[in-house]
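Student: Need the 3D shape of this:
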Amino acid sequence: MKQQNRGRRSWRQRGKRAAAMLALLPLAALGWLYSRLPDRVYLEPGQTLALPRFAWVEPLGARGSQNVASTRAVGSYQTTLSLGGWLPIKTIRTIVTERRQVTVCGTPFGVKMFSEGALIVGFSDVEKASGGTTNPAKGAGLRLGDRVIRIDATATEDNDAVKAALEAAQGNAVEVVYIRNGEQLQTSLTPIWDESAGQWRAGMWVRDSSAGVGTLTFADEERGTFAGLGHPISDSDTGESIALRSGEIVPCEITGCSKGTAGSPGELKGRFLSSRAFLPGIRINGENGVYGTTRTPFTGQTMEVAFAQEVETGSAEIWSTVSGEAPRAYRVQIERISDADAKRNMVLRVTDPALLAQTGGIVQGMSGSPIVQNGRLVGAVTHVLVNDPTRGYGIFAQTMLEQAEIVAQRAQEPELAK
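Tutor: Just a heads-up that it's a prediction; the model follows:
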């Protein structure tokens, strides 16, 4: 009898736990939905706020024409999203603005960038006169990817400045100011005379510039800006995003391509067309692309920019240049869309036989290739999936347009100050 009572109590306890878990499921589902919904949406004046990817979500208490009434005037509004118009989930920012048009490009460009400070890309031990080796930089706590901005009183904007500062020290300890993970730090090191090289050395290799090939996404000739890549330019050795001191883009011709395979991403090979005039300079090397100002007209097609909530899974195309200087359209499928990840909004799969035959899918150098759907610019290619080169990531065009707006505002500031 006692065993039966204990068994009944055990079943009751299990039942209570199961009921408690079932009660938490709706809360967990709402938490998941909250994290997946966007923090802001853009609308044209009078456009109904609809989220096709979340068909069951709508503004709180807004039905039919009421959904449009508060968004007729250009401006910024708070909107509470809800389930079925009655259960509030998340309050977001609704920005009502005229829909923008840009020149969609897909053309290749060469990038030349100069970093703010000297980036440490390697270490090399120095032989001591007394025998053995040492490494002053490592001994001072410096690491791969640190950005040296000053040695004593010398601003180290390039490799020559680093060499000059070490030479000036003549073996005395120097103060090194550097940036690591966005934080400014300082340390002290003592250069060592390298007899074989005939110079003072710190045991570190530094780089002050970078060059590569990418794809121009769009140009906004009305505001005089351009956008490309969809991701930052990073150092090839350290993987660190390059802190921009100055940069410029130049015309480029694609001369070849190494085909991508599983585990080995391919790469476009290009040639800078130095005989032509340089295009305007880069103002931002940010987490979602490179941006700059321009008064030069770009070749491309004028097209509306889609708001992020309008992007759909299904058929689309990318405009990319995999040979020569002119882009062509290739068919892709947008397999997945996410508002939660600011840098990876879409998963794409290349379906075009011609592109698959030539490149194997998405390769390095195609970053920035415009993604077009339903006659609008919806995004840009950013990365390839290393284990499956037929698939890759994309970023919303709306996000890139926001960054281009920041560039336009910064360009106006000197004019306003006059």
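
Student: Follow the chain on from the helix or strand of the chain with the lowest mean pLDDT and name the next helix or strand.
Tutor: Taking mean pLDDT, DSSP states H and E as the measure, helix 66-69 is the helix or strand of the chain with the lowest mean score, a mean of 43. Per DSSP states H and E, helix 66-69 leads on to strand 75-83 as the next helix or strand towards the C-terminus.

Student: taking the mean pLDDT, what do you get for stretch 168-178?
Tutor: Over the span of stretch 168-178, the pLDDT mean works out to 89.

Student: which parts of that stretch are buried?
Tutor: 169, 174, 176-178 (16 or more other CB atoms under 10 Å). C-betas here are computed from N, CA, C, even on glycine.

Student: Ok, stretch 370-387 next?
Tutor: Buried residues in stretch 370-387 (16+ other CB under 10 Å): 370-373, 376-385.

Student: same question, stretch 154-163
Tutor: Within stretch 154-163, the residues scored as buried using 16+ other CB under 10 Å are 156-158, 161-163.

Student: Stretch 398-410 now?
Tutor: Under 16+ other CB under 10 Å, the buried positions of stretch 398-410 are 398-401, 403-404, 407-408.

Student: In the protein, mark out all the helices, start to finish.
Tutor: Here the chain has its helices, by DSSP state H, at 2-36, 66-69, 136-139, 159-169, 353-359, 397-417.

Student: among those helices, which gets the worst mean confidence?
Tutor: helix 66-69 (a mean of 43).

Student: Touching, residue 259 and residue 357? I think so.
Tutor: No: the pair residue 259 / residue 357 is not scored as a contact, 9.1 Å apart, by CB atoms under 8 Å.

Student: hmm, back to that, between the buried residues of stretch 370-387, which is nearest residue 98?
Tutor: Closest to residue 98 out of those is residue 376 (14.6 Å), distances taken as CB to CB.

Student: Can you read off the pLDDT for the closest one?
Tutor: pLDDT at residue 376 comes out at 96.

Student: cool, the one 3 residues further on as well?
Tutor: Among the per-residue scores, residue 379 holds a pLDDT of 95.

Student: Walking through the stretch 151-300 of the chain, point out its strands one by one.
Tutor: Taking DSSP state E, counting those that start in this stretch as the test, the strands found in the stretch 151-300 of the chain are 154-155, 174-180, 183-189, 192-194, 199-201, 204-220, 225-228, 244-258, 267-272, 282-286, 289-293.

Student: Grab the two from the buried residues of stretch 370-387 that are most spread out in space.
Tutor: 376 and 385, at 25.2 Å, using CB to CB across the buried residues of stretch 370-387.

Student: Closest one of the buried residues of stretch 154-163 to residue 324?
Tutor: Distances from residue 324 to the buried residues of stretch 154-163, taken by CB to CB, are shortest for residue 158, at 34.4 Å.

Student: who's in contact with stretch 332-347?
Tutor: If you take CB atoms under 8 Å, 6 or more residues apart in numbering as the criterion, stretch 332-347 is touched by 35-38, 53, 231, 287-288, 308-309, 311-318, 348-352, 371, 373, 379, 382-383, 391-396, 399.
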